[in-house]
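Student: Below: sequence and its predicted model.
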Amino acid sequence: MKKILVYLLIGVSFISQSCINDNEDPIAIPKTDGYVVDPTVGGPSQPNQVWFDLGTNTQMVTKRTDWDLGFYSGSEFKVILNPSIAMGAGKIANATNIDLVKESDVTALMNQVQVANFNPANTIYIDDVTGNFPSGYTAIDGIKANEADNPIYLVNMGKSVFTGTIPLGTVTTGGDARGWMKVQVVRQGDAYKVKYAELNATDHKEVIINKNAAYNYSFYSLKNNTTVTVQPEKKNWDICFSVFVNSIAGAGSYIYADFTMLNNLGGAGAYEVKVTGTTTGAEAFTNFKLSDVDKTKFVYNDQRVIGGNWREVGPDGYQVKGNVFYVIKDAEGYYFKLRFTRLTSEKGERGFPQFEYKPLF
């Protein structure tokens, strides 16, 4: 909240000077008019994840393919898959030695551990789409203290970012398949030990992943054999723009473009305001003030509060919904209002969203 605090300090300075004359009206604390933001999603292949902090008006941009696994930094031992590249994981039955697992052993399982194939049964191979961790379901079970109790998993490494030509107004959320790996995660004291290899390898790599309490997760790239910084510290971002694997009741998992995730794990909450009647969405957004905030409506246990609900995409075209905006409470307890103003570039290219937001005082 550095920028907002600067405004408040300036206001306090003015107020202290005005107190010389008790008959003067108090001077109002200056308020920022807010910001218009163009998150760097990267165009119709949407190659980036954009982590945005409302309090400081800053964004951190990472590639969707930078990471594969995230390791929870809290007291529990939980591991998540990268939902932006459609990863999945399934237990390899009766496997106890990762070096003995080979592709011919998991052929049938490979046909099952598929993402976004509209099979309702396949949601067991992805993480809880609400992001309500650490209590939520993860495709890789919570890591047990006894090493032998932790299964070996077949991991679908998802899709690379598409690099070909994409027709104007459309998106392509995935390119070539990134292959498969066998993975086992165990505990190493208060850290994680990851064993992993290509399917037909007869030996494996091992890496220790330490927890860092300043972050929601520590991240690792199995492809590049390295730890990576993906998110800002857990109190330093509020929303993320990304491709996302969601689920549809009765239809299984589905890949969404233009998705906006909430940092609910870091303590952020949000709710949607739907404008009805004769007032336009823009007018309602402009007139909305702190006293209009309904604290009972905040959702803290679902990262999809905004999701893809801010836009309409279908056979008849695509557009920003003009009758909705969002109220967000960040991890530090500050309130903001936010509305989307653009889904495409001026040329009509997807992957160039825009939003405006204002702090509520």
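Tutor: Cool, the structure landed.

Student: all strands for the stretch 201-350 of the chain, in order.
Tutor: With DSSP state E, counting those that start in this stretch as the criterion, the stretch 201-350 of the chain has strands at 205-209, 217-221, 226-228, 239-248, 252-262, 269-274, 311-314, 317-320, 324-329, 335-344, 350-360.

Student: Looking at the ones you listed, which is nearest to residue 66?
Tutor: Residue 66 sits nearest to strand 226-228 of all the strands of the stretch 201-350 of the chain, at 5.2 Å, using C-beta to C-beta. Any C-beta I mention is one placed from the backbone N, CA and C, and that applies to glycine too.

Student: re the thing from before, could the strands of the stretch 201-350 of the chain be laid out in CSV, adding mean pLDDT and mean neighbour count?
Tutor: CSV is the format used below for the strands of the stretch 201-350 of the chain (pLDDT from 0 to 100; neighbours: other C-beta atoms under 10 Å):
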stretch, mean pLDDT, mean neighbour count
strand 205-209, 98, 14
strand 217-221, 98, 21
strand 226-228, 98, 14
strand 239-248, 96, 23
strand 252-262, 96, 22
strand 269-274, 98, 18
strand 311-314, 90, 15
strand 317-320, 89, 14
strand 324-329, 98, 22
strand 335-344, 97, 21
strand 350-360, 97, 21
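
Student: Residue 290 is nearest to which of the ones you listed?
Tutor: Closest among the strands of the stretch 201-350 of the chain, once you apply C-beta to C-beta, is strand 350-360, at 4.2 Å.

Student: The closest one vs strand 252-262, what angle?
Tutor: Interaxial angle, strand 350-360 versus strand 252-262 (axes from the mean of the first three to the mean of the last three C-alpha atoms, to 10 degrees): 40 degrees.

Student: Who are the contact partners of residue 235?
Tutor: By C-beta atoms under 8 Å, 6 or more residues apart in numbering, the contact list for residue 235 reads 266, 267, 331, 332.

Student: between those residues, which is nearest residue 292?
Tutor: Residue 292 has its nearest neighbour among the contacts of residue 235 in residue 332, at 20.6 Å by C-beta to C-beta.

Student: burial of that closest one, as a residue count?
Tutor: Using other C-beta atoms under 10 Å, residue 332 has 14 neighbouring residues.

Student: Tell me the predicted confidence for it.
Tutor: Per-residue confidence at residue 332 stands at 93 (pLDDT).

Student: Could you list the low-pLDDT ranges of the protein?
Tutor: Across the chain, the ranges flagged by pLDDT under 70 are 1-33.

Student: so residue 351 sits right up against residue 45, yeah?
Tutor: Yes - between residue 351 and residue 45 there is a contact under C-beta atoms under 8 Å: 7.1 Å.

Student: Could I get the full set of helices for the stretch 1-150 of the chain?
Tutor: Assigned by DSSP state H, counting those that start in this stretch, the helices in the stretch 1-150 of the chain fall at 2-18, 107-112.

Student: Mutual contacts of residue 351 and residue 45, please.
Tutor: Residues touching both residue 351 and residue 45 (C-beta under 8 Å, 6+ apart): residue 171.

Student: hang on, the earlier thing: tell me which of the strands of the stretch 201-350 of the chain sits nearest to residue 151.
Tutor: Taking C-beta to C-beta, strand 205-209 is the member of these nearest to residue 151, at 16.8 Å.

Student: Check which helices and strands the closest one is in contact with.
Tutor: strand 191-197, strand 217-221 (3 or more C-beta pairs under 8 Å, 6 or more residues apart in numbering; DSSP states H and E).

Student: With adjacent residues omitted, what lies nearest to residue 302?
Tutor: Distance criterion C-beta to C-beta, 6 or more residues apart in numbering; nearest residue to residue 302, sequence neighbours excluded, is residue 130 at 4.4 Å.

Student: What count of nearby residues applies to the one you found?
Tutor: Per other C-beta under 10 Å, the neighbour tally for residue 130 reads 17.

Student: Make sure it is actually in contact with residue 307.
Tutor: No - Residue 130 is beyond contact range of residue 307, at 10.6 Å (criterion: C-beta under 8 Å).

Student: Now do the shared contacts for these two.
Tutor: Common neighbours of residue 130 and residue 307, using C-beta under 8 Å, 6+ apart, do not exist here.

Student: What are the boundaries of the strands in the stretch 1-150 of the chain?
Tutor: Ranges of strands in the stretch 1-150 of the chain, per DSSP E, counting those that start in this stretch, are 35-37, 48-53, 58-63, 69-72, 79-81, 88-91.

Student: Check those strands for me and report the most buried one.
Tutor: strand 79-81 (a mean of 25; mean count of other C-beta atoms under 10 Å).

Student: got the domain boundaries for this structure?
Tutor: Per automatic domain parsing, the structural domains of the chain span 1-27, 28-63+236-360, 65-228.

Student: dump the residue contacts of residue 142.
Tutor: Residues in contact with residue 142, defined by C-beta under 8 Å, 6+ apart, are 76, 77, 78, 134.

Student: What count of nearby residues applies to the last one?
Tutor: The burial count assigned to residue 134 is 15, neighbours taken as other C-beta under 10 Å.

Student: still on that earlier bit, looking at the strands of the stretch 201-350 of the chain, spot the one closest to residue 83.
Tutor: Nearest of those to residue 83, taken as C-beta to C-beta: strand 239-248 at 4.3 Å.
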